[in-house]
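Undergrad: My questions are about this predicted structure, shown below with the sequence.
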2 protein chains.
Amino acid sequence: MKTINLTTQRQAVYDVVRQSEDHPTAAEVMNRLVERGHSFAYGTVYNSLRYLADKELIRELKLGETASRYDARTDDHQHIVCEVCGRVDEVMTPVPEEWMTRVAEETEYEVHEAHVVLEGVCAECRSKRKR
Amino acid sequence: MKTINLTTQRQAVYDVVRQSEDHPTAAEVMNRLVERGHSFAYGTVYNSLRYLADKELIRELKLGETASRYDARTDDHQHIVCEVCGRVDEVMTPVPEEWMTRVAEETEYEVHEAHVVLEGVCAECRSKRKR
DNA sequence: AATAGATTTATACTTATTCTAAATTGAAAT
DNA sequence: ATTTCAATTTAGAATAAGTATAAATCTATT
């Protein structure tokens, strides 16, 4: 019984997120909407992002920056941020189940999810650095 | 050559963080300072927290909430947040090196750090729920 | 006591996001 | 076709966390 009501605004926001190669912030989504000729209220973009994340069509990422980012990939995965250029890439290698089990034992929590943000230097910045 | 200049304010902020069982936000640190009879400017508390984190006397935690939290434990560890009551606990079981290596291979990043925030239900909330 | 550098203070500002009340839209019922 | 009602959008105000700024205060050294 999961009805999804994609209004014009929500569809347009969804399209922007899906068609972005990076992981745009709300402000970036807004800019890209304007580039496409839309002019929605700021609040609507936030509402739409929240709605889409709620329906699990997109994911909200909190990577430790001030602004949330959005990702159209909703399958289980993590993220890595380049310390030099700030780019964000997907990490598909799954967090080991065994580690989660150990953490459950250690903490006595029922563990549901792990959000991992890795930090490092991307291939591009690494080769630039070498000279 | 790492000189550390602990002014009255910085020392007091450091004391609050060290003597907190939980992981207080800046606002909570401020409240606890007031309870102890201090009345520092808001900016000073933020500056002190930044200074102490800089000198690695404390750590700033970004757990996906709106406000940062602060932790007097500076050794390598992760955190787990209870979805029910919001409490934050330490996770000392280290993230498997092997997983980090695999991620480095997958992403072609030079991986420096992993910040993990786990979510689940703490022992206390679990037992309350059962009854 | 005089100077300089660092720090603190009070306050203004910024950024990201949420809230609010009125206006608009759209589907269902008449 | 018109009314109706709920959901949505809009514009703008409000909030929350944190940073910036300029003046005042401390502190160590000459």
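TA: Structure received.
Undergrad: what does the helix or strand in which A:Val16 is found contact?
TA: Using DSSP states H and E, A:Val16 sits within helix A:8-18. With C-beta atoms under 8 Å, 6 or more residues apart in numbering or on different chains as the test, helix A:8-18 has contacts from A:6, A:24, A:29, A:32-33, A:36, A:38, A:40, A:44-45, A:48-49, A:51-52, A:57-58, A:70-72. The C-beta positions use only the backbone N, C-alpha and C, and glycine is treated the same way.
Undergrad: mind listing which of those are in helices?
TA: A:Val29, A:Arg32, A:Leu33, A:Thr44, A:Val45, A:Ser48, A:Leu49, A:Tyr51, A:Leu52 (DSSP state H).
Undergrad: How many residues are close by the closest residue to A:Glu108 other than its chain neighbours?
TA: Nearest non-adjacent residue to A:Glu108, counting by C-beta to C-beta, 6 or more residues apart in numbering or on different chains: B:Ala123, 4.1 Å away. The tally of other residues near B:Ala123 (other C-beta atoms under 10 Å in any protein chain shown) stands at 13.
Undergrad: Give the phi and psi angles for B:Ala123, as a check.
TA: Phi and psi for B:Ala123, reported as degrees, to the nearest 10, are phi -50, psi -50.
Undergrad: does it really touch A:Tyr109, like I thought?
TA: Yes. B:Ala123 is within contact range of A:Tyr109, at 7.0 Å (criterion: C-beta atoms under 8 Å).
Undergrad: mind showing which ranges of chain A have poor pLDDT?
TA: A:1-2, A:131 (pLDDT under 70).
Undergrad: Quick one: list the elements packing against the strand ranked longest in chain A.
TA: Longest strand in chain A, counting residues (DSSP state E): strand A:110-121. Contact analysis of strand A:110-121 by 3 or more C-beta pairs under 8 Å, 6 or more residues apart in numbering or on different chains; DSSP states H and E lists strand A:78-82, helix A:97-107, helix B:97-107, strand B:110-121 as its packing neighbours.
Undergrad: Report the contact partners of A:Tyr46.
TA: Taking C-beta under 8 Å, 6+ apart as the test, what A:Tyr46 contacts is A:Ala26.
Undergrad: Briefly note if stretch A:80-88 comes near DNA strand C.
TA: No. Judged by C-beta under 7 Å from any atom of the strand, stretch A:80-88 stays clear of DNA strand C, getting no closer than 12.5 Å.
Undergrad: whoops, I mixed them up, stretch A:56-64
TA: No. Using C-beta under 7 Å from any atom of the strand, we find that stretch A:56-64 stays clear of DNA strand C, coming within 8.0 Å at best.
Undergrad: which bits of chain A sit near DNA strand D?
TA: A:5, A:7-10, A:39-44, A:47-48.
Undergrad: just curious, which of those is nearest to B:Cys85?
TA: Proximity of these to B:Cys85, judged by C-beta to C-beta, is greatest for A:Asn47, which lies at 28.5 Å.
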